[in-house]
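1. no sequence for this one, just the structure:
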């Protein structure tokens with residue numbers, strides 16, 4: 001029978017090793033003794049095993065073998081010539097247990113050892129030995145003590161070229177009673193994270209039993225983060241059938257970024273719990289809860305590591321999110337982070353738009369689908385957002401957000417975008433579509449930390465932006481934009497905020513300031529910009545007050561941060577005030593320059609008669625109605641009357 005042939009093969013191999021050990025006793029420490037030990041193992045595994053250093057065998061019960069400079073050859077396709085190498089190996093075992101079973105090993109000790117486990121580009125395993133007998137869980141030996149010093153395990157995935165390194169500066173496993181619990185303690189590193197470990201697990205004898213799940217109780221410190229695992233594993237040797245309670249807490253979650261090859265920006269202190277279930281490369285985080293700074297998350301995650309690129313599916317909810325906890329995603333350190341703040345050189349460029357880097361270098365490392373619903377989100381400026389819905393997909397290195405919807409200041413915002421981190425030219429690319437509708441400016445600013453003059457601003461706004469751009473920072477993104485944008489407002493007023501932006505004489509010339517800080521309400525503003533390489537050119541720019549229509553033309557250059565605008569105010573009828581005067585706006589975002597441009601009154605009156613541009617194009621009307629709602633002030637101000645002059649109020 002096949003089973004008997006396999007058992008006979010294993011017993012024959014064991015007897016061969018015993019005979020070889022006996023020959024080595026007489027021949028040691030010479031080359032014949034080393035060959036006598038290494039050759040049978042080489043023949044059994046189909047790989048060359050070498051003992052290049054001294055070899056000593058102390059015969060008795062148990063037998064003690066000490067070998068130096070031990071190595072085992074790797075597969076021919078492997079990344080290194082040796083699969084296993086050690087400066088010194090000590091093996092203490094009972095010889096008769098090799099025949100009678102189970103195999104009883106008193107001690108395995110390795111100094112300066114390295115073990116390389118890897119797969120090829122086609123999925124071959126370097127631990128699949130050509131001549132070795134089949135190995136089942138029932139053949140796992142009884143090990144009383146394992147000691148590793150200055151040793152290392154390397155796992156390399158040939159399909160993805162991902163490499164994981166686990167180092168054991170000192171690791172001990174103690175199991176004096178085969179039926180009792182096993183104690184494990186040690187310290188070392190996981191990738192570049194310092195690790196300390198303390199664990200109590202089930203008896204080694206239980207590893208050979210399939211009827212009862214194997215218990216685990218593990219505590220570890222991962223680079224200052226505390227990890228606990230408590231539960232059972234149905235098939236511990238296959239690392240499958242996991243049913244574990246997991247908790248993790250620490251000063252900064254992004255410390256795991258490099259260790260796990262996950263795209264995590266700088267994040268604040270955190271603590272989280274979950275149930276970890278699954279195996280064979282498919283894992284589920286159930287009943288997931290996390291506190292990150294002041295923010296909370298709940299839900300579940302499914303992770304599949306069997307694919308060429310790890311795949312994550314998440315469904316999350318939150319009762320409260322503070323976006324200040326996530327500012328690290330755009331290069332700003334979270335306020336509640338325990339990590340030290342790196343020194344930043346002062347910005348002497350004279351620019352207004354910050355040169356914030358976009359932290360995206362690791363996006364291609366995973367595929368992910370995330371759905372999120374948040375009841376309340378607080379922006380970094382204090383603005384509360386409600387009913388936030390997010391759908392996110394990351395596939396083949398391309399990030400798609402569709403949709404991002406939320407309610408704010410009695411209005412709504414909708415954003416869809418596609419972000420490609422690395423295109424052929426090397427610069428990340430963004431395609432975005434933004435829609436804003438019915439947002440109350442006074443309510444928007446009232447709850448934020450903005451100055452009082454800003455909080456006095458009022459009006460209902462709407463608008464849209466459709467842009468395509470590329471870059472590695474916020475400044476580059478704005479400087480390279482192509483697309484179009486529109487901003488609409490009704491029943492607005494800017495209070496004395498305008499006095500900070502423009503001189504009083506300029507505002508009076510435009511007819512938006514009568515006396516002191518008392519503003520004239522702006523009944524409607526309609527604007528539309530065509531954008532090319534960061535230059536937004538006004539195709540329509542109108543705003544309507546009780547006595548004046550203002551027409552603007554020119555452009556705003558985000559690349560150079562400069563302004564080139566002409567504002568032409570036109571009286572709607574007879575007024576005791578002087579005729580409004582055109583204004584030129586030049587200069588930079590940081591230092592705008594305003595100048596009054598008086599012209600011949602008779603010429604301006606004649607030109608005003610034929611100002612058909614005081615009416616927005618028909619294509620803008622539906623967009624205005626979408627942004628401001630039906631029966632808005634702009635619809636009344638620019639009603640289709642067929643006249644080329646503004647209707648009288």
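-> Yes, it's here. This structure is a prediction, so every number in the text was calculated from the model and none was measured. Numbering: from 1, shown residues only.

2. Residue 229: how many residues sit nearby?
-> 18 (other C-beta atoms under 10 Å). All C-beta atoms are positioned from the backbone trio N, CA, C, and that covers glycine.

3. Equivalent analysis for the one 4 residues further on, please.
-> Neighbouring residues of residue 233 were enumerated by other C-beta under 10 Å; the total is 22.

4. How confident was the prediction at residue 645?
-> pLDDT recorded at residue 645 is 39.

5. Oops, could you answer that again for residue 581 instead?
-> Reading off the model, residue 581 has pLDDT 76.

6. Beta-bridge partners for residue 68, please?
-> Beta-bridge pairing for residue 68 (DSSP bridges): residue 88.

7. where's it relative to residue 116, distance?
-> Taking C-beta to C-beta, to the nearest Å as the criterion, residue 68 is separated from residue 116 by 20 Å.

8. Compare the two (neighbour count), which wins?
-> A side-by-side neighbour count of residue 68 and residue 116, using other C-beta under 10 Å, places residue 116 first with 22 against 17.

9. From residue 127, how far out is that one?
-> 10 Å.

10. Check residue 595 too.
-> Taking C-beta to C-beta, one finds residue 595 at 79 Å from residue 127.

11. Which elements pack onto the helix or strand encompassing residue 313?
-> In the assignment (DSSP states H and E), residue 313 maps to strand 311-318. Packed against strand 311-318 by the contact rule (3 or more C-beta pairs under 8 Å, 6 or more residues apart in numbering; DSSP states H and E) you find strand 295-304, strand 367-378.

12. Can you add mean pLDDT, mean neighbour count and distance to residue 59 and give those back as CSV?
-> As requested, these are exported to CSV (pLDDT from 0 to 100; neighbours: other C-beta atoms under 10 Å; distance: least, C-beta to C-beta, whole Å):
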stretch, mean pLDDT, mean neighbour count, distance to residue 59
strand 295-304, 92, 18, 51
strand 367-378, 90, 17, 57
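
13. of the ones you listed, which approaches residue 48 most closely?
-> Go through those one by one with C-beta to C-beta and the one that ends up closest to residue 48 is strand 295-304, at 37.1 Å.

14. Pairing partners for the closest one, with directions?
-> According to DSSP bridges, the neighbouring strands of strand 295-304, each with its direction, are strand 282-292 (antiparallel), strand 311-318 (antiparallel).

15. Please work out the angle formed by the directions of that strand and strand 367-378.
-> 170 degrees (axes from the mean of the first three to the mean of the last three C-alpha atoms, to 10 degrees).

16. Let me know the average pLDDT across stretch 557-573.
-> On average, stretch 557-573 scores 86.

17. wait, I meant stretch 536-550
-> Averaging pLDDT along stretch 536-550 gives 85.

18. Same question for stretch 477-489.
-> For stretch 477-489, the per-residue pLDDT averages 94.

19. what do residue 116 and residue 127 both touch?
-> Counting by C-beta atoms under 8 Å, 6 or more residues apart in numbering, the contacts common to residue 116 and residue 127 are residue 83.

20. what residue ranges in the stretch 251-400 of the chain are flagged as low confidence?
-> By pLDDT under 70, the weakly predicted segments of the stretch 251-400 of the chain are 257-265, 326-349, 358-365, 380-382.

21. about what we covered before: columns distance to residue 170 and mean neighbour count on top of the strands paired with strand 295-304, output as TSV?
-> Formatted as TSV, the entries for the strands paired with strand 295-304 read as follows, by distance: least, C-beta to C-beta, whole Å; neighbours: other C-beta atoms under 10 Å:
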stretch	distance to residue 170	mean neighbour count
strand 282-292	30	16
strand 311-318	35	17
